[in-house]
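Undergrad: Sequence and computational prediction follow.
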Amino acid sequence: MSPEWQTVWLTLKLAGITTTVLMVIGTPIAWWLARSSHWLKQPVAAIVALPLVLPPTVLGFYLLLLMGPEGIVGTLTQTLGLGTLPFTFAGLVVASVIYSLPFTVQPLQNVFATVNERMLEVAATLRASPLDRFFSVVIPLARPGFLTAAVLTFAHTLGEFGVVLMIGGNIPGETRVLSVAIYDHVETLEYGKAHLLAGGMLVFSFIVLLALYLINGRLNNGNLKS
Amino acid sequence: MSPEWQTVWLTLKLAGITTTVLMVIGTPIAWWLARSSHWLKQPVAAIVALPLVLPPTVLGFYLLLLMGPEGIVGTLTQTLGLGTLPFTFAGLVVASVIYSLPFTVQPLQNVFATVNERMLEVAATLRASPLDRFFSVVIPLARPGFLTAAVLTFAHTLGEFGVVLMIGGNIPGETRVLSVAIYDHVETLEYGKAHLLAGGMLVFSFIVLLALYLINGRLNNGNLKS
Amino acid sequence: MKVPGIHARLSTGFERFQLDVALELPGDGVTALFGHSGCGKTTLLRCIAGLQPCTGRLSVNGNVWQDDDTSLPVHKRPLAYVFQETSLFPHLSVNGNLNYGYRRTPMAQRRIHPSQVIDWLGLSHFMDRRPERLSGGERQRVAIARALLTSPRLLLMDEPLSALDQTSKREILPYLENLRDTLDIPIIYVSHSAAEVARLADYIVMMDQGRVVAEGGIQETLARPDQPFALEEGAAVIVPAVIRERDPQWHLCRAEFDGGSLWLRDDRQPEPGSRVRLQILARDVSIALAANHNQSIQNLLPARVMDMAAEQRPGMTTVRLQAGQTSFLSRITSRSAHQLGLGCGMDVCMQIKSVAIVE
Amino acid sequence: MKVPGIHARLSTGFERFQLDVALELPGDGVTALFGHSGCGKTTLLRCIAGLQPCTGRLSVNGNVWQDDDTSLPVHKRPLAYVFQETSLFPHLSVNGNLNYGYRRTPMAQRRIHPSQVIDWLGLSHFMDRRPERLSGGERQRVAIARALLTSPRLLLMDEPLSALDQTSKREILPYLENLRDTLDIPIIYVSHSAAEVARLADYIVMMDQGRVVAEGGIQETLARPDQPFALEEGAAVIVPAVIRERDPQWHLCRAEFDGGSLWLRDDRQPEPGSRVRLQILARDVSIALAANHNQSIQNLLPARVMDMAAEQRPGMTTVRLQAGQTSFLSRITSRSAHQLGLGCGMDVCMQIKSVAIVE
Amino acid sequence: ARAGEVRLAIATNFHDAAERLAAHFSETTGHSTRISYGSTGKLYAQIRHGAPFDAYLAADEERPHLMEREGSGVPGTRFTYAIGKLVLWSPDAEAFREPQALLEADTLRRLAIANPKTAPYGLAAKQTLEHLGLWKTLESRLVRGESIAQTFQFVATGNAKAGFVALAQLRDDHQGGARWEVPNTHHEPIAQQAILLDRGRSNEAARAWLNFLASAEAQDIIREYGYDIPDLPE
Ligand SMILES: Nc1ncnc2c1ncn2[C@@H]1O[C@H](COP(=O)(O)OP(=O)(O)OP(=O)(O)O)[C@@H](O)[C@H]1O
Ligand SMILES: Nc1ncnc2c1ncn2[C@@H]1O[C@H](COP(=O)(O)OP(=O)(O)OP(=O)(O)O)[C@@H](O)[C@H]1O
Ligand SMILES: [Mg+2]
Ligand SMILES: [Mg+2]
């Protein structure tokens, strides 16, 4: 595989895995934030939004401190025999997950809050267990929120590069993703290559987004057959 | 005003203005996207999400080209006698607005889609004009979405620095914002100062967010008196 | 020149349903809209309100709301709409809901005021509460109040009392009657309750599958023994009358109509001389060949059999009787009709249970 | 050992409302829940369903659903709930809504199947449609069907027929009766319609301000002339009887009860020998001193006046009569009672309009 | 020796030269390279926190020096591999004849330099202006690029009329315009130093790379890309 395609592949892999991981861990957090009345709810909601506030490189720097050989997390991963996370693909995923958390949690929390309590009650009287209710009622009713969360997370992971650069170290074939590559091309005045990559990324993203929205619109308007 | 406070002030100003501008222009876009069935709807939705996909510095670079003296926008602003936008505060606002657009539009679009059509019909039979309906029914019902949109936009503008660095030119007192300052400290190994600024920003943001969420929770649960 | 009344020629449709109506409704009083579930009652109201796009022409008491080129937007039509499913604003308290339309009604047009409706509909206990914390009937009352507070020039009500118990209905109905009489605005009223309709309505429209199958003033319509209304149990005539005397000891009063007098309960203690509407259900009218005073039925009137029609359900016959100029309906078994040898033109004694008479 | 019946001692409350009930309801048949708007009917149903947190004890036909330490979660209670405001899933078609509960009911417990209810409730035309595209009555029918398809062991219905016209009701009620008789499950039924209740209910609970103010079997309760039920217009007795003969020419049949025979319409063409319930409204019973056969009222029965009570509304008297071992109620004006000189122990002729008899 | 791999952390401004050098190095020695580019500061932070690099080519002297002291660099392996050359440049050939005239003109609204705090070329530009006695007057009209690359973009896109860039950047498409090569005497030398990192201590290929970098062959290439070579390698 040529280095360019390797970069593209790495990027999609990172964005895909990050989005998946965030959907899995963001959904319960968002649900809890939307439904709970625990006193910790508001502080947790505020903490979830915090990664946004720091400049990515700075966040990356602190993650580096934390996950490096002398950081708390780093010490932990080392005693677990996992080595340290920075400069590995796993480290990239962890960093992206932290940085993109708000983009997943906030839209989900929003739509979860609008799901009519009555619908859950109805489902309960129709024998659906709490988990069943979540999958058969909440998720379908919250679909637009899931779409938004996934799009924001995926796109953000594609475009994000401050954290990735810091934690990943821009190692070709290992942690060098598209955004970093484009950044490099711009930095080294290789504008032609930068235009090509940036243009390709835009066109590709546009097509994917358009397809997603079209499918979503179709699902919303059409009569369901089951 | 000391340079530090100048930077803090500038940052808050930028984030505040950007959020305000985006709320004003993002709301009608989001409403249209949520309600229209025009064929352009899905393409526009996809385009709105695109600024996310490009790495900030790269987006900054293209904006620099566009808004520069030879770019389309630059030519336009010059013939209008406005000069060129890069390296001015106005330029920063424009760039931030473009970059943060998806964070405003997507959450709003989401909640707008969940506003029950029936409520608008009821309001119409109670003599409310379309604009009146929007302010008296849609906005209150969509409040959580507005909160999310504002938080994401504000926080993102605080933390965003790739675009700002590129378009702003890091001029103290004019375009040098906090994120750039922290970044500089990290780059020049002045970790103590970086920790101070980053810590301050985190604590400040946490307090603001917490207050916001608490107020919002209060509004949701309490009985309204009017 | 103003043409009074509601003139509507409206068409609209869904995938499997087509609405086509041409109606001339009176410009005041209550028009009852009747028909099976799914026949298009709500759709018609929505067309009139401007909520459902439709073609055709609509004018209300001389004001054109829709014709070929123009259609007044909903918020410019001076109407109020009580929806079939209550639809209070969840973000406003009861008070906020009531004020929503009231504040938007120009001061000069306000003819109904919050304190009145709050009192009528018994809302004072929960003015500060959010709708989600109300019972079903309470919500329905708030929705009625909210609609009335816009002082509309046309009132559309889609089953407004369906969630209310008899007592609440009995408390609210007089106010609706009052509104009808004092506000002088047309009310279009969808209801499945024959009792409500017979009590309130002046005009009846019967719909089926998106079309009007019968319409007319309540007196003429109800007195037709072949009337197509699915009332059956509720078939009744409405008789205008004047109160002549009161018997305070027995809480009764005597109402005189063209053709005789009837005794009725004087619940509302009407002044002698006042005009009332008597509703007489066909099921409460029995027929005897001669008057028998030794029984609890006290309203015994001579009358003549005008015509007889078998009902849709076998075994029953509806008999139209006339006393003076007034028509009455009686439902009896076909066997009774046969055994008594009833025939057109025959003179009989009509037995009306006084308890069955309502205003 | 299984204790049949529903035993409930439940308390809960809101800011300004307190529910405290102790009930022993029969383990099968229909219990009607009555009371003014806001008296706590919906709250009680929600407590029974487990939707509203409450303290106390609840057991249904021997299964404890709630006591001091445990409370079965809603989805583990084998009940079905038809909500007061229809609450179909907006993201599912009618078909999807119906299947939701059906699919979650273990195969072995399914006693009601989609094809049946679709047929009963006339849903086949819109199986693929989304709820937002249905009329109010159509939505209500889908909600009933969806609830029934879980083959519940307790059915809670909060005004299930309020949005339906008479014809639809007349079509659906027999199925509910059928369910009650064949499924052998208890049904708790909230309704403001006296006719529905009198027809369906076996047991009556009257609530006021969060408490039970009266309860009892429908026969005993309705035959009490001082009964506190706000039925008045609907006061009635229920009489068990056996069909003895049919008269196909006149579409009538004769039902024999302990104390005589009554003629009624044979709508449902019951086999001679079959047992039926006759409902006789107090307003349809008049009293004569002697039998007069020259009239359309054909059911004339000798009876004895047992007691007399003035009603809440002045001017009316409810008279309890007895024929054989069976009690009847008659509502007449107090003046009639006086003029006829009625008194306890007196023998009279009871006149019952045959059209007023329903099963 | 067996063919090995060397992982290099190289300052972005040296990108073009480094690519040429790496290709040449692989050809002659058979060792392969894997290069991560980044700003000097960022690469330093990463190396301090365990980044897997064998050798570090910084854009200044300070960071390699620090590393040597702290022990993350191998003592005695540090040397200056290139000296940057600063140029005042404008893509508009008519922009100036005499730099002094341009810099003193009031019409010069925006002058681009690299951030003196983060980029060595920025520091040199600042020293130059101070040398010319213009720092005070121009300070408020400066736009600071985060890196020398960004500074170049400010100028190339016309947003700044002129700027101090690296001679190494004025190649290929950007030959034209007006330029003034700042004499060595106006600022301290922009010495770019390399050092062998602790991780690369026993990596044959890493040592080979540093040897190659100091070779005359490599120095020719480096000169070709617009850098000076120190007279006396340390
Ligand atoms: N949005 C829609 N799309 C498709 N069909 C619809 C839609 N709304 C209503 N219908 C159909 O149009 C017909 C008329 O509906 P409408 O709501 O006017 O009935 P209705 O007379 O008010 O009945 P009900 O007494 O049950 O409320 C029904 O058959 C219904 O299924
Ligand atoms: N969530 C709530 N918070 C506060 N009060 C409530 C809440 N829900 C109901 N109530 C009050 O409790 C009382 C009982 O309500 P409930 O819904 O049980 O009445 P209901 O008998 O079903 O009346 P209806 O016939 O009008 O439906 C009412 O006074 C109502 O205002
Ligand atoms: Mg309807
Ligand atoms: Mg209720």
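TA: Received it, and whenever you're ready, just let me know what you need. Being a predicted model, the structure only gives us computed values, none of them experimental. Ligands and ions are numbered 1, 2, ... in the order given.
Undergrad: looking at this, C:Tyr189 is in a strand?
TA: Yes. Per DSSP: H, G, I helix; E, B strand; the rest coil, C:Tyr189 lies within a strand segment.
Undergrad: thought E:Ala119 was touching E:Ala149?
TA: No. Counting by CB atoms under 8 Å, E:Ala119 stays clear of E:Ala149, with 9.4 Å between them. Every C-beta, even on glycine, is put in place using the N, C-alpha and C of the backbone.
Undergrad: Between those two, tell me which one has more neighbours.
TA: E:Ala119 (31 against 25; other CB atoms under 10 Å in any protein chain shown).
Undergrad: residues in contact with that one?
TA: Counting by CB atoms under 8 Å, 6 or more residues apart in numbering or on different chains, E:Ala119 makes contact with E:Ser39, E:Ala59, E:Gly145, E:Glu146, E:Ser147, E:Ile148, E:Thr151.
Undergrad: Most neighbours among the residues you listed, which one is it?
TA: Of the contacts of E:Ala119, with other CB under 10 Å as the count, E:Ile148 tops at 31 neighbours.
Undergrad: was I right about C:Gln52 contacting C:Arg46?
TA: Yes. C:Gln52 lies in contact with C:Arg46 (CB under 8 Å); the separation is 3.8 Å.
Undergrad: quick one: low-confidence parts of chain A?
TA: A:1, A:220-226 (pLDDT under 70).
Undergrad: And the longest helix along it, what's buried?
TA: In chain A, with assignment by DSSP state H, the single longest helix is helix A:3-35. The neighbour-count check on helix A:3-35 (16 or more other CB atoms under 10 Å in any protein chain shown) flags A:7-8, A:10-12, A:14-15, A:17-19, A:21-23, A:26-27, A:29-35 as buried.
Undergrad: wait, what's in contact with the closest residue to C:Ala49 other than its chain neighbours?
TA: Distances taken as CB to CB, 6 or more residues apart in numbering or on different chains place C:Tyr81 nearest to C:Ala49, at 5.2 Å, with adjacent residues excluded. Neighbour list for C:Tyr81: B:Val122, B:Thr125, C:Leu45, C:Ala49, C:Leu51, C:Ala147, C:Leu156, C:Met157, C:Asp158 [criterion: CB under 8 Å, 6+ apart].
Undergrad: Just those: which are in strands?
TA: C:Leu156, C:Met157, C:Asp158 (DSSP state E).
Undergrad: how near is the first one to A:Pro55?
TA: For C:Leu156, the distance to A:Pro55 equals 58 Å [CB to CB, to the nearest Å].
Undergrad: same question, the last one
TA: The spacing between C:Asp158 and A:Pro55, counted by CB to CB, is 58 Å.
Undergrad: quick one: which of these two has more around it?
TA: Shown here are C:Asp158 and A:Pro55; by other CB under 10 Å, A:Pro55 has more neighbours (28 against 22).
Undergrad: hang on, the earlier thing: just the contacts of E:Ala119 now: which is nearest ligand 4?
TA: E:Glu146 (66.2 Å; CB to the ion).
Undergrad: which other residues reach stretch E:9-20?
TA: Counting by CB under 8 Å, 6+ apart, A:169, A:184, A:187-188, E:8, E:35-40, E:43, E:46-47, E:51, E:53, E:55-59, E:82, E:84, E:121, E:147-149, E:166, E:168-169, E:171, E:192, E:197, E:221-222, E:224-225, E:227 sit against stretch E:9-20.
Undergrad: buried set for that stretch?
TA: So, applying 16+ other CB under 10 Å, buried residues of stretch E:9-20: E:Ala9, E:Ile10, E:Ala11, E:Thr12, E:Asn13, E:Phe14, E:His15, E:Asp16, E:Ala17, E:Ala18.
Undergrad: do the same with stretch C:14-34
TA: C:17, C:19-21, C:23, C:25, C:27-34.
Undergrad: Among the residues you listed, name the ones in strands.
TA: C:Phe17, C:Leu19, C:Asp20, C:Val21, C:Leu23, C:Leu25, C:Gly29, C:Val30, C:Thr31, C:Ala32, C:Leu33, C:Phe34.
Undergrad: what two of the residues you listed are the furthest from one another?
TA: C:Phe17 and C:Gly29 (29.1 Å; CB to CB).
Undergrad: Confirm that C:Trp263 sits in a strand.
TA: Yes. Counting by three-state DSSP, C:Trp263 falls inside a strand.
Undergrad: Residues in a beta bridge with it, which ones?
TA: C:Arg254 (DSSP bridges).
Undergrad: and if you look at C:Ala214?
TA: C:Met206.
Undergrad: That one reaches C:Met206, doesn't it?
TA: Yes. The criterion here is CB under 8 Å, and C:Ala214 meets it with C:Met206 at 4.3 Å.
Undergrad: Close to ligand 1: what parts of the stretch 1-150 of chain C are there?
TA: C:Phe14, C:Glu15, C:Phe17, C:Gly35, C:Ser37, C:Gly38, C:Cys39, C:Gly40, C:Lys41, C:Thr42, C:Thr43, C:Gln84 (CB under 6 Å from any ligand atom).
Undergrad: Mind pulling the model confidence for the third one?
TA: I take that to be C:Phe17. pLDDT recorded at C:Phe17 is 93.
Undergrad: Not counting its neighbours along the chain, what's nearest it?
TA: That would be C:Gly210: by CB to CB, 6+ apart, it lies 6.1 Å from C:Phe17.
Undergrad: Would you map the strands across the stretch 201-350 of chain C?
TA: Applying DSSP state E, counting those that start in this stretch to the stretch 201-350 of chain C gives strands spanning C:203-208, C:211-217, C:236-247, C:252-257, C:260-265, C:275-281, C:285-288, C:299-310, C:316-323, C:326-333, C:347-352.
Undergrad: will you turn these into JSON lines that also has mean pLDDT and mean neighbour count?
TA: Below are those laid out as JSON lines (pLDDT from 0 to 100; neighbours: other CB atoms under 10 Å in any protein chain shown):
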{"stretch": "strand C:203-208", "mean pLDDT": "89", "mean neighbour count": "22"}
{"stretch": "strand C:211-217", "mean pLDDT": "87", "mean neighbour count": "15"}
{"stretch": "strand C:236-247", "mean pLDDT": "83", "mean neighbour count": "18"}
{"stretch": "strand C:252-257", "mean pLDDT": "88", "mean neighbour count": "20"}
{"stretch": "strand C:260-265", "mean pLDDT": "86", "mean neighbour count": "20"}
{"stretch": "strand C:275-281", "mean pLDDT": "79", "mean neighbour count": "19"}
{"stretch": "strand C:285-288", "mean pLDDT": "90", "mean neighbour count": "23"}
{"stretch": "strand C:299-310", "mean pLDDT": "88", "mean neighbour count": "18"}
{"stretch": "strand C:316-323", "mean pLDDT": "87", "mean neighbour count": "22"}
{"stretch": "strand C:326-333", "mean pLDDT": "86", "mean neighbour count": "24"}
{"stretch": "strand C:347-352", "mean pLDDT": "92", "mean neighbour count": "21"}
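Undergrad: is it possible to export these to a markdown table including distance to A:Val177?
TA: What follows is these, written out as a markdown table (distance: least, CB to CB, whole Å):
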| stretch | distance to A:Val177 |
| --- | --- |
| strand C:203-208 | 66 |
| strand C:211-217 | 66 |
| strand C:236-247 | 81 |
| strand C:252-257 | 92 |
| strand C:260-265 | 87 |
| strand C:275-281 | 82 |
| strand C:285-288 | 89 |
| strand C:299-310 | 86 |
| strand C:316-323 | 84 |
| strand C:326-333 | 85 |
| strand C:347-352 | 92 |
